[in-house]
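Undergrad: Curious how this folds, go ahead:
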Amino acid sequence: MKRRFEATTDEYERLSGRLAGHMEVEWQRLGALLTSELADAVRARYAALVRSAMAGIAWGVVAHLLTAALDAMRNPDLTPSGIRADPAGAAALLRTASWFGHTAATTTAEQAASPSRSDPDWTAFITALEAVVAPTCPSTDDQPRHRAQAHEC
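TA: From the prediction side, this is the model:
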């Protein structure tokens, strides 16, 4: 069980670092959209970015919680003789390790729902961006452009 906790901790640390790196680049890149023409559109994009950045932070918190759980499980002597020598102490540390694991699982579940909260923001951003960009795109007919074609302008 401890090995699985260690592997999971490593994975959440990697995930947190990778997401933080991507978000750092995105914070810098989005600065280019802070123009008067795009000011209304960019708020929704920043809202989605904030959620992604917060998810990265949460994954780091999960890694810390799992590390604390591991530390709590390593401290007591869980051999039969160790438990007989200090049953209350062993139980207290295992309860605490369990709490760390539960809190990590809860945080993971909350973050798993988070990406879907950004969908309306992405839709609002794309719609607002198209409203600004579409009038400047040449069109050969009066048909509305599809989102997939909007990048061609």
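Undergrad: Run through who's touching stretch 105-121.
TA: Contact with stretch 105-121 is made by 44-45, 47-48, 51-52, 54-55, 58-59, 61-62, 65, as judged by CB atoms under 8 Å, 6 or more residues apart in numbering. Bear in mind the C-beta positions are built from the backbone N, C-alpha and C, glycine included.
Undergrad: Of the residues you listed, which is the most crowded?
TA: Using other CB atoms under 10 Å as the neighbour test, these are led by Val62, with 25 neighbours.
Undergrad: looking at the protein, which helix or strand does the model trust least?
TA: Among the helical and strand segments of the chain, the one scoring lowest on mean pLDDT, DSSP states H and E is helix 147-150, with a mean of 48.
Undergrad: rewinding a little: out of the contacts of stretch 105-121, which sit inside helices?
TA: 44-45, 47-48, 51-52, 54-55, 58-59, 61-62, 65 (DSSP state H).
Undergrad: hang on, the earlier thing: I'd like the contacts of stretch 105-121 laid out as CSV, including distance to Thr9 and pLDDT.
TA: Formatted as CSV, the contacts of stretch 105-121 follow (distance: CB to CB, whole Å; pLDDT from 0 to 100):
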residue, distance to Thr9, pLDDT
Ala44, 34, 87
Arg45, 32, 88
Ala47, 30, 87
Ala48, 28, 86
Arg51, 23, 87
Ser52, 21, 86
Met54, 20, 89
Ala55, 17, 87
Ala58, 14, 92
Trp59, 11, 92
Val61, 12, 95
Val62, 8, 95
Leu65, 9, 96
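Undergrad: Between the residues you listed, which sits nearest Lys2?
TA: Leu65 (14.8 Å; CB to CB).
Undergrad: what's the closest non-adjacent residue to the closest one?
TA: What sits nearest to Leu65 in space, not counting adjacent residues and going by CB to CB, 6 or more residues apart in numbering, is Ala104, at 4.0 Å.
Undergrad: ok, now which ones touch the one you found?
TA: Contacts here follow CB under 8 Å, 6+ apart; on that basis Ala104 touches 62, 65-66, 69.
Undergrad: how near is Ala85 to Lys2?
TA: Relative to Lys2, Ala85 is positioned 21 Å away (CB to CB, to the nearest Å).
Undergrad: likewise His102?
TA: Relative to Lys2, His102 is positioned 17 Å away (CB to CB).
Undergrad: Show me which residues of the one helix or strand Ser114 maps to are buried.
TA: Ser114 is located in helix 87-117, with elements delineated by DSSP states H and E. Within helix 87-117, the residues that count as buried by 16 or more other CB atoms under 10 Å are 90, 93-94, 96-97, 100-101, 103-104, 107-108, 111.
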